[in-house]
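# Give me coordinates for this.
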Amino acid sequence: MNIHFIAIGGSAMHNLALALEHKGYHITGSDDVIFEPSKSRLKAKGLLPESFGWFPDKIHNQLDAIILGMHAKPDNPELLKAQEMGLKIYSYPEFLYEQSKYKTRVVIGGSHGKTTITSMILHVLDYHAIEVDYMVGAQLEGFDRMVHLTEKNDFIVLEGDEYLSSPIDRRPKFHLYQPNIALLSGIAWDHINVFPTFDNYVEQFQIFVDGIVKGGSITYNSEDPELVKVIETTENTIRKFPYQTPEYRVEDGITLLDTPEGEMPIEIFGKHNLNNLAGAKWICQQMGVDEADFYEAIATFKGASKRLEKIAETKNKVVCKDFAHSPSKVKATTQAVKEQYPQRKVIACLELHTYSSLNAGFLEEYEGALDAADEAAVFYSPDAVKIKGLEEVTAEQIAQAFKRADVMIFTDPKTFQDYLFAQNFENSALLLMSSGNYGGLDFEQVRTLFE
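Numbers count the residues shown, from 1 in each chain. Have a look, this model is predicted:
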């Protein structure tokens, strides 16, 4: 097949391009800018566009399909030509469904935790040499790509994102997968630029549950009351498997999980991650992995990239990096670090970076999110607020939203970095939470402070 990618450089898009190239398809693509690591990975396979920009002459009748990324605009010249020619145009999730419609589709959704749960499942399956197709939202240790597609594998494990499918398909991605086996980890309002009310956001999860293949299953976090309501009200004829946080304790910075064979030390930590583990166990069991084999494998799981990831550690100090940006995730992550290191000073640094987190009307959702930290700092860029076309946000509004009088607010990258590098981290745990980079923070340089 000849496939052309419009906006090939995105994290998800370039991984799909690499997966299809590996499968033997002929791939071309365009983008107006491509950053690392996408750039080098595409170049290594001969898929990097010769020039950046949009070139309608790349669209021709020999193409079997166009895959359209979210980064492209509805008036993209290549898209307009493809529409004019009547070529088949897929969104990313539409094409994944097309590749998996004859497989058993396992879809992991939820406002938070879906990448970690998907990663846990793939780690366990890989540990036991069980081959499956997959798509996950983070680079995993031991895996070449974030997407893997074959003709032979019976299962495909898909991370189910609730964000929009493409510039011309406004449906949430996870609505398109039609799972046979599904999991939802929880519901916490996010993406307010797309779902302006909480009820509208919750409705997307109801549609997802109602779209599970009849006779399929939903595994769900029974500790989330909003999610429980969604599961209880569905009229879909599916099996329902609730899960909850398992028993565990922390001793000397080590998390010990209670199992039928006794306590077992694990690499990950935090109540939310233990809750994720319980969900992953249920899914693995439905895929044929027994409980003992699951525990054996999960003991070696070190976490997904940027998900409460230890980037450096010595005997009495540690620095962790997390993708957290939503209020519920920020709160859970901060509490997890304090629980893991109760005798240390926890310094939590949060960057408000997304559309939702920089929205003045949404800020109040962050109340108490950093309370577990001994010292708290928030960084945001006023320029980012302007670029997103949002109403101006002040430092006073942020301090008021977090309801923490001593929270430090930074708007200048250098001032924030000076604060960070002036710290004495002895007997401390530094937590960096962001989906950005604090205006250019060198994480490798931060790592050297903990060696």
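
# Isn't Asp190 up against Ser111?
Yes - using Cβ atoms under 8 Å, Asp190 is in contact with Ser111, at 5.5 Å. From N, CA and C alone the C-beta is placed, and that goes for glycine too.

# Quick check: neighbours shared by those two?
Counting by Cβ atoms under 8 Å, 6 or more residues apart in numbering, the shared contacts of Asp190 and Ser111 are Glu162, Ser326.

# Break this structure into its domains for me.
Per automatic domain parsing, the structural domains of the chain span 2-87, 95-298, 309-448.

# Straight-line length of the last one, end to end?
It stands for domain 309-448. One end of domain 309-448 sits 16 Å from the other (Cα to Cα, to the nearest Å).

# what do you get for the longest one?
The first and final residues of domain 95-298 sit 31 Å from each other (Cα to Cα).

# Any idea how far it is from the middle of the chain?
Offset of domain 95-298 from its chain centre (Cα atoms, centre = their mean, to the nearest Å): 11 Å.

# again, but for the shortest one
Once both centres are worked out by Cα atoms, centre = their mean, domain 2-87 turns out to sit 23 Å from its chain's centre.

# go on, stretch 328-335?
Distance, stretch centre to chain centre, for stretch 328-335: 15 Å (Cα atoms, centre = their mean).

# Now it - C-alpha only, CSV.
The C-alpha trace of stretch 328-335 is given here as CSV (Å, rounded to 0.1, in the frame of the first residue of the first chain):
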residue,chain,number,x,y,z
SER,A,328,-6.2,15.4,39.9
LYS,A,329,-3.0,14.0,38.5
VAL,A,330,-0.9,16.8,40.1
LYS,A,331,-2.4,16.0,43.4
ALA,A,332,-2.0,12.2,43.1
THR,A,333,1.6,12.5,42.0
THR,A,334,2.6,15.0,44.7
GLN,A,335,1.0,12.8,47.4
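
# Any idea which helix or strand in this structure has the lowest mean pLDDT?
Taking mean pLDDT, DSSP states H and E as the measure, the helix or strand of the chain with the lowest value is helix 382-387, at a mean of 75.

# Could you report the distance from the nearest residue to Ser38 once chain neighbours are set aside to Ser40?
Spatial nearest neighbour of Ser38, chain neighbours left out: His14 (4.3 Å); criterion: Cβ to Cβ, 6 or more residues apart in numbering. According to Cβ to Cβ, to the nearest Å, His14 and Ser40 sit 10 Å apart.

# okay, those two: which has more neighbours?
His14 (28 against 10; other Cβ atoms under 10 Å).

# Can you classify the more buried one by secondary structure?
Following DSSP: H, G, I helix; E, B strand; the rest coil, the label given to His14 is helix.

# That one is in contact with Leu42, isn't it?
Yes - taking contacts as Cβ under 8 Å, His14 lies within contact range of Leu42: 5.6 Å.

# hey, what's in contact with both of those two?
Common neighbours of His14 and Leu42 (criterion: Cβ under 8 Å, 6+ apart): Ile8, Ile34.

# doesn't Glu162 make contact with His191?
Yes - in this structure, His191 is within contact of Glu162 by Cβ under 8 Å, at 7.0 Å.

# Which positions within stretch 285-305 qualify as buried?
Within stretch 285-305, the residues that count as buried by 16 or more other Cβ atoms under 10 Å are 286-287, 289, 293-298, 301, 303-305.

# Can you spell out which helices and strands pack onto the least confident helix or strand of the chain?
With contacts defined as 3 or more Cβ pairs under 8 Å, 6 or more residues apart in numbering; DSSP states H and E, helix 382-387 has no helix or strand neighbours.

# What is the subsequent helix or strand relative to that helix?
Next along the chain after helix 382-387, taking DSSP states H and E as the criterion, comes helix 395-402.

# Follow the chain on from that next one and name the next helix or strand.
Heading C-terminal from helix 395-402 (DSSP H and E), you reach strand 408-410.

# ok now that following strand, how far from the chain's centre?
Using Cα atoms, centre = their mean, the offset of strand 408-410 from its chain centre is 26 Å.

# and after that strand, which helix or strand comes next?
By DSSP H and E, the next helix or strand past strand 408-410 is helix 413-421.

# what helices or strands is that next one leaning on?
Judged by 3+ Cβ pairs under 8 Å, 6+ apart, helix 413-421 is in contact with strand 375-380, strand 408-410.

# Glu444: which of those strands is closest?
strand 375-380 (18.6 Å; Cβ to Cβ).

# CA-only coordinates of the closest one in CSV, if you can.
Below are the C-alpha coordinates for strand 375-380, written out as CSV (Å, rounded to 0.1, in the frame of the first residue of the first chain):
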residue,chain,number,x,y,z
GLU,A,375,7.8,23.6,49.1
ALA,A,376,5.8,24.4,46.0
ALA,A,377,6.6,26.4,42.9
VAL,A,378,4.4,27.1,39.8
PHE,A,379,5.9,28.2,36.5
TYR,A,380,3.9,29.6,33.5
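
# Quick one: the buried residues of stretch 285-305 as CSV, columns for secondary structure too.
Shown next, in CSV, are the buried residues of stretch 285-305 (three-state DSSP):
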residue, secondary structure
Gln286, helix
Met287, coil
Val289, coil
Asp293, helix
Phe294, helix
Tyr295, helix
Glu296, helix
Ala297, helix
Ile298, helix
Phe301, coil
Gly303, coil
Ala304, coil
Ser305, coil
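
# And those, which is the shakiest by pLDDT?
Least confident by pLDDT among those: that is Ser305, with 72.

# My understanding was that that residue contacts Gly137; is that so?
No - with contacts counted by Cβ under 8 Å, Ser305 stays clear of Gly137, the gap being 9.5 Å.

# circling back: can you work out which residues contact both of His191 and Glu162?
Common neighbours of His191 and Glu162 (Cβ under 8 Å, 6+ apart) are Tyr201.
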